[in-house]
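Student: Show me how the following folds:
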Amino acid sequence: MMDSNFHTGAIRLQDLIDDLVTEHGAGRVTRVLVANLLARLRKRPRGEELSNHLRRDVGLPPHDPPPGFRDLMM
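Tutor: From the prediction side, this is the model:
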């Protein structure tokens with residue numbers, strides 16, 4: 001099978017960016033770049049902020065140990 005995307009020469013980043021801007025427009029390319037940069041900067045929840053259900057799903061121990069069987073029955 002032949003790869004139709006095979007390039008014999010080196011591809012310059014500037015050429016790729018120019019192609020994107022030509023095809024989609026400078027405003028759209030800029031918006032996507034800024035959105036991707038901001039997405040990387042977003043704060044991810046830390047383990048202390050997660051509920052016990054989510055902590056269990058990712059393999060962390062619960063904040064407080066679960067109540068004992070006798071405590072549940074009374």
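Student: With only the CA atoms kept, save the least confident helix or strand in the chain by mean pLDDT in CSV.
Tutor: The helix or strand of the chain with the poorest confidence is helix 69-73; it has a mean of 76 (mean pLDDT, DSSP states H and E). C-alpha atoms of helix 69-73 as CSV (Å, rounded to 0.1, in the frame of the first residue of the first chain):
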residue,chain,number,x,y,z
PHE,A,69,-21.4,-2.3,59.9
ARG,A,70,-22.7,-1.8,63.4
ASP,A,71,-22.9,1.9,62.9
LEU,A,72,-25.0,1.4,59.8
MET,A,73,-27.4,-1.0,61.6
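Student: Please list the residues outside it that contact it.
Tutor: By C-beta atoms under 8 Å, 6 or more residues apart in numbering, the list of residues contacting helix 69-73 from outside is empty. Any C-beta I mention is one placed from the backbone N, CA and C, and that applies to glycine too.
Student: Please apply the same query to stretch 39-59.
Tutor: For stretch 39-59, using C-beta under 8 Å, 6+ apart, the contacting residues are L60, P61, P62, H63, D64.
Student: try it again with 10 Å
Tutor: Under the criterion C-beta atoms under 10 Å, 6 or more residues apart in numbering, residues L60, P61, P62, H63, D64, P66 lie in contact with stretch 39-59.
Student: start to end distance for it?
Tutor: Start-to-end span of stretch 39-59 (C-alpha to C-alpha, to the nearest Å) is 25 Å.
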